[in-house]
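# Turn this into a structure:
(one chain, ligands or ions: 1)
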Amino acid sequence: MVVGAAARVAIGGCRRLVSSHASLLVSSQCRQMSMDARSVSEKLRSSGLLRTQGLIGGKWIDSYDKTTIKVTNPATGEIIADVARMGVKETNDAIASSYEAFPSWSRLTAGERSKVLRRWYDLLLAHKEELGQLITLEQGKPLKEAIGEVAYGASFIEYYAEEAKRVYGDIIPPNMSDRRLLVLKQPVGVVGAITPWNFPLAMITRKVGPALASGCTVVVKPSELTPLTALAAAELALQAGVPPGALNVVMGNAPEIGDALLSSPQVRKITFTGSTAVGKKLMAAAAPTVKKVSLELGGNAPSIIFDDADLEVAVKGTLAAKFRNSGQTCVCANRVLVQDGIYDKFAEAFSEAVQKLEVGDGFKEGTTQGPLINDAAIQKVESFVQDAVSKGAKIIIGGKRHSLGMTFYEPTVIRDVMSNMLMSKEEIFGPVAPLIRFKTEEDAIRIANDTIAGLAAYIFTNSVQRSWRVSEALEYGLVGVNEGLISTEVAPFGGVKQSGLGREGSKYGMDEYLEIKYVCLGDMNRQ
Ligand code: NAP
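Residues are numbered from 1 along each chain as shown. You can find the predicted model right below:
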């Protein structure tokens, strides 16, 4: 993002558009705001949810040097808002306020923290339409999907409001008769949370929910591309009674904010969701102060269709796994592995289903595929498609920019994709489904595991035995069997290999914010 950010700033107004032909559109599209988007942002402004300042110590604050970044609508290039562009000084103050708030927040009873979180959950749901509109405005996903993200994001706050009350320790049978051995679980302290643009709400609540529930205080840094949803959620957290300093939000200069969080000895944990490249940098930078680190990084998910799959289930599941958020999720199917015997039938049925997807502005009724986040994203997709075609893959449908312009790309299916093509090796992060042929179950497992990533995998089969066998053999943190949408607050989410460290969601997600303390009570036989 560092390079991308520079490129975006360089063209000023519409920082999402960087290619020469796109920049021709910039000035006219930035000046005019469509009525839909205008009325949505006016409504949001009057509801108090369109916040543009950072949140430090319970106060809304401009950046100290008064600089701002422009947040734009990827569907139109229109500027939605100017938000504070913060850096090291603001981050240090946010850390200090979190550090100050930690003793009182962590000393509340779990029940008291739970009540605050529950109120926050209720407010998130009460404002789900507005929050959904904000997500569509700044991220581009269709409104229905955006409102779905609000429900999903809020579910982590509800879940951890409940889980706060179940942070049990242990009593261990002692090794000596005059001793009693206890295990306490205590909050780690101040947490730095860095989140991406593709889930502007859910990637924040999945971290802040368990952090606040366990008694930690947090400094959140949302992506500069989608800070508005984070700020609106923080406003609702204040209304719910999250005390000043317990939750801070700073955004702007990502490397500066990251460095401040990482170098501070007061920050005891870094939790990051984003690209593998940035995750590795943060992990290295966390070493000098030996912070706890959780990383939710990129994937390269296989969706494996066996000959014995139910064709309809495989098409529906793969469609959902591939095209959610126009292919811009870490768990999106990146490679569709199809067995010889069902390959042609699947290719035909799947392409028919993809043909029916509706590309358009997320506010338009019926849209299922919004724009890609910026021009760099669409250029990446184009280069991957060109690479595959130049090496012998064949486009069944799509394969080019959509006639709507901007960063819209046609939903695409490509067959005869091989392992030497870029789209087999790296995250496409766009609406392109590459079909790869395989012969045997062993081949499928070998191809699926032949990657440095290990986040999500999907298999489609009607054999119970094969479901077990293949699930066990896949080197992935999540496996969907005959199902393409598997994320839920009640189950652990996270990757193996270079897809990350730690888990989010579920009871396991709470452990990431807790330290285990062993207490030995001696001399217990004394009267
Ligand atoms: P990214 O470029 O790594 O950015 C993620 C966050 O890190 C943003 O807030 C970004 O800030 C910040 N950042 C960038 N450089 C930084 C630095 N040097 N120091 C500190 N922070 C820095 O990733 P992205 O493009 O936003 O998100 C897409 C990636 O996230 C994909 O690879 C996807 O697979 C992954 N992802 C993973 C999961 C998961 O749960 N495993 C979930 C969602 C997404 P700015 O945006 O302000 O520059």
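
# any idea whether residue 517 is helix, strand or coil?
In three-state terms, and counting by DSSP: H, G, I helix; E, B strand; the rest coil, residue 517 is strand.

# Just say helix, strand or coil for the closest residue to it other than its chain neighbours.
Among residues not flanking residue 517 along the chain, residue 184 sits closest, at 4.4 Å (CB to CB, 6 or more residues apart in numbering). Quick note: C-beta positions are derived from backbone N, CA and C, even for glycine. Per three-state DSSP, the secondary structure class of residue 184 is strand.

# where's residue 184 relative to the ligand, distance?
Plainly put, residue 184 is 30 Å away from the ligand if you go by CB to the nearest ligand atom, to the nearest Å.

# what does residue 132 give?
For residue 132, the distance to the ligand - CB to the nearest ligand atom - is 18 Å.

# May I ask which helix or strand encompasses that residue?
helix 128-139 (DSSP states H and E).

# Can you name the next helix or strand after that helix?
Per DSSP H and E, the first helix or strand lying C-terminal to helix 128-139 is helix 143-163.

# between the helix holding residue 132 and helix 143-163, what angle do the directions make?
Put simply, helix 128-139 runs at 120 degrees to helix 143-163, going by axes from the mean of the first three to the mean of the last three CA atoms, to 10 degrees.

# And helix 128-139, how far out from the chain middle?
16 Å (CA atoms, centre = their mean, to the nearest Å).

# Then stretch 70-90?
19 Å.

# circling back to that earlier point, okay but the residue nearest to residue 517 is in contact with residue 169, surely?
Yes. Between residue 184 and residue 169 there is a contact under CB atoms under 8 Å: 4.8 Å.

# coming back round to it: list the buried residues in the helix holding residue 132.
Within helix 128-139, the residues that count as buried by 16 or more other CB atoms under 10 Å are 128, 130, 131, 132, 133, 134, 135, 136, 137, 138, 139.

# And the contacts of the helix or strand hosting residue 106?
Using DSSP H and E, the element containing residue 106 is helix 88-107. By CB atoms under 8 Å, 6 or more residues apart in numbering, the surrounding residues in contact with helix 88-107 are 54, 56-58, 61, 63-64, 84, 113, 186-187, 189-192, 212, 215-219, 221, 243-246, 248-250, 252-253, 256-257, 259-261, 264, 266-267.

# State the pLDDT value of the residue nearest to residue 517.
Looking at residue 184, its pLDDT is 98.

# give the contact list for it.
Residue 184 makes contact with 169, 516, 517, 519 under the criterion CB under 8 Å, 6+ apart.

# what does residue 268 give?
Contacts of residue 268 by CB under 8 Å, 6+ apart are 188, 189, 190, 191, 291, 292.

# So which of those wins on neighbours?
The residue in the contacts of residue 268 with the most neighbours, by other CB atoms under 10 Å, is residue 191 (30 neighbours).

# quick one: that one is in a strand?
Yes. According to three-state DSSP, residue 191 belongs to a strand.

# For it, give the beta-bridge partners.
residue 218, residue 269 (DSSP bridges).

# which ones are touching it?
98, 207, 211, 216-219, 267-271, 513.

# do residue 351 as well
Listed by CB under 8 Å, 6+ apart, the contact partners of residue 351 are 396, 397, 413.

# tell me which residues in the helix or strand hosting it are buried?
Residue 351 is part of helix 343-355 when elements are defined by DSSP H and E. Neighbour counts over helix 343-355 (16+ other CB under 10 Å) mark 343, 346, 347, 349, 350, 351, 353, 354 as buried.

# Among those, which ones lie close to the ligand?
Residues of the buried residues of helix 343-355 in contact with the ligand (CB under 6 Å from any ligand atom): none.

# Include pLDDT when you put the residues you listed into a markdown table, please.
Output for these, formatted as a markdown table (pLDDT from 0 to 100):
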| residue | pLDDT |
| --- | --- |
| 343 | 98 |
| 346 | 98 |
| 347 | 98 |
| 349 | 98 |
| 350 | 98 |
| 351 | 98 |
| 353 | 98 |
| 354 | 98 |
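
# Get me the contact residues on the stretch 101-250 of the chain for the ligand.
Counting by CB under 6 Å from any ligand atom, the stretch 101-250 of the chain sits next to the ligand at 194, 195, 196, 197, 198, 199, 203, 221, 223, 224, 225.

# I should have written the stretch 301-450 of the chain there, sorry.
The stretch 301-450 of the chain has residues 330, 427 near the ligand, with proximity defined as CB under 6 Å from any ligand atom.

# Apply 5 Å and report the result again.
Proximity of the stretch 301-450 of the chain to the ligand (CB under 5 Å from any ligand atom) is limited to residues residue 330.

# Residue of the stretch 301-450 of the chain nearest the ligand, please.
Nearest to the ligand, among the residues of the stretch 301-450 of the chain, is residue 330, at 3.1 Å (CB to the nearest ligand atom).
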